[in-house]
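Chemist: Could you look at this predicted model? Sequence included:
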Amino acid sequence: MPIYEYEVVEGESCKACGGRFELRRPLGRPELTACPLCKKAVRRVLSAPNTPRVAKPLSLSEAKNAGFSVLKRRDTGVYENLTGS
């Protein structure tokens, strides 16, 4: 389930939600129009995506263990599979 961020549209925020909160909701459910705690009008906020950072490239054995195929370009349109899968 994705996590959605909401913020209060106008006025002061309540102590319970702090004016901004996150909720896990199924994709098919409509977005919220009111805070479940303070019942004030809210809008959905776009949040930054969470992307993993890779400190170093994967070795051939790590790539193979993770289920990836490592290809090396040999010629125009010809690639060699280095992981053997």
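Modeler: Yep, it's here.
Chemist: pLDDT below threshold where in this protein?
Modeler: By pLDDT under 70, the weakly predicted segments of the chain are 1, 13, 54, 84-85.
Chemist: ok, which stretches of it are strands?
Modeler: With DSSP state E, the ranges of strands along the chain come out as 3-8, 20-24, 42-45, 71-75, 78-81.
Chemist: Indicate which one of those strands is closest to Thr51.
Modeler: Proximity of these to Thr51 was assessed by CB to CB; the nearest stretch is strand 3-8, lying at 14.7 Å. Any C-beta I mention is one placed from the backbone N, CA and C, and that applies to glycine too.
Chemist: partners of the closest one in the sheet?
Modeler: Each strand paired with strand 3-8, and its direction, by DSSP bridges: strand 20-24 (antiparallel), strand 42-45 (antiparallel).
Chemist: Adding mean neighbour count and distance to Glu31, write these out as JSON lines.
Modeler: JSON lines is the format used below for the strands paired with strand 3-8 (neighbours: other CB atoms under 10 Å; distance: least, CB to CB, whole Å):
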{"stretch": "strand 20-24", "mean neighbour count": "13", "distance to Glu31": "10"}
{"stretch": "strand 42-45", "mean neighbour count": "15", "distance to Glu31": "5"}
